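Trainee: Next input, structure requested:
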Amino acid sequence: MVKFCLKLETLNQQTTYFAFIYILLYLRLSSVIKKPMTMKTYKIMLFFVLTISFSCKEEKPKPILQENNATASVKHYICANKCENSGSDVAGACPVCKNPYLHNDAFHAQDLLKNGPLNVPTNIQAPAANTPAAPSPAQNAKGIYHYTCTKGCYGGSGTASNCTNCGEQLAHNQAYHN
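Mentor: Numbers count the residues shown, from 1 in each chain. Modelled structure (predicted):
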């Protein structure tokens with residue numbers, strides 16, 4: 001059976017129904033249908049409306065929920081020889097081979113990600129931008145230059161550069177910091 005559905009993707013079932021009724025009323029009122037509608041015509045229209053309404057119903061599949069019914073559990077202590085029916089939640093000896101149990105690290109990992117991804121705090125700070133330090137002023141509050149000429153020329157500078165008078169290299173002046 002071919003299902004007839006007068007429906008756009010964005011319209012739902014009720015909108016389709018009302019659109020169909022609106023079209024029929026418009027045709028009736030605009031005198032496109034010249035003869036008066038009989039009871040038979042109304043029954044046919046009702047049949048088409050109901051057919052469209054029920055044929056447009058979309059069946060959505062029910063989701064299948066699968067439960068994880070794992071019966072095996074990870075033991076905290078296991079036998080090194082992997083003996084059958086060995087392992088325990090406490091330290092001890094294997095009842096089969098009498099060897100001491102070994103600690104099983106997988107025991108601690110089984111519940112690790114049950115509550116979602118780990119939230120690991122980071123102590124890493126963003127690296128400071130490589131901005132050069134602001135140059136110190138050439139003179140302090142007392143009027144002493146940071147770098148002065150070794151020959152005693154007048155003036156000085158805030159950086160280790162050459163003297164503007166004689167051209168010699170300026171030397172650091174410790175008195176600037178005192």
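Trainee: What ranges does this protein have for its helices?
Mentor: Listed in chain order, the helices of the chain (DSSP state H) span 13-29, 39-55, 106-109.
Trainee: Please report how far residue 156 lies from residue 170.
Mentor: Taking CB to CB, to the nearest Å as the measure, residue 156 falls 7 Å from residue 170. All C-beta spots, glycine's among them, are computed from the backbone N, C-alpha and C.
Trainee: Kindly point out which residues are neighbours of both of these two.
Mentor: Counting by CB atoms under 8 Å, 6 or more residues apart in numbering, the common neighbours of residue 156 and residue 170 are 147-149.
Trainee: What is the nearest of these to residue 46?
Mentor: Using CB to CB, residue 147 is the member of those that sits closest to residue 46, with 104.0 Å.
Trainee: Excluding chain neighbours, what is closest to the closest one?
Mentor: Closest residue to residue 147 apart from its sequence neighbours, by CB to CB, 6 or more residues apart in numbering: residue 170 at 3.8 Å.
Trainee: can I assume the one you found is in contact with residue 164?
Mentor: No - using CB atoms under 8 Å as the test, residue 170 is too far from residue 164 to be in contact (9.5 Å).
Trainee: Looking at the two, which has the bigger crowd around it?
Mentor: residue 170 (22 against 13; other CB atoms under 10 Å).
Trainee: and the more buried one, bridged to which residues?
Mentor: residue 149 (DSSP bridges).
Trainee: Which stretches in this protein count as strands?
Mentor: 77-78, 102-103, 147-149, 170-172 (DSSP state E).
Trainee: Of all these, which one is nearest residue 96?
Mentor: strand 77-78 (12.0 Å).
Trainee: and the gap between residue 176 and residue 163?
Mentor: Taking CB to CB, one finds residue 176 at 16 Å from residue 163.
Trainee: And for residue 157, nearest residue in space, chain neighbours not counted?
Mentor: residue 147 (4.8 Å).
Trainee: Before I go, just wanted to say thanks for your time.
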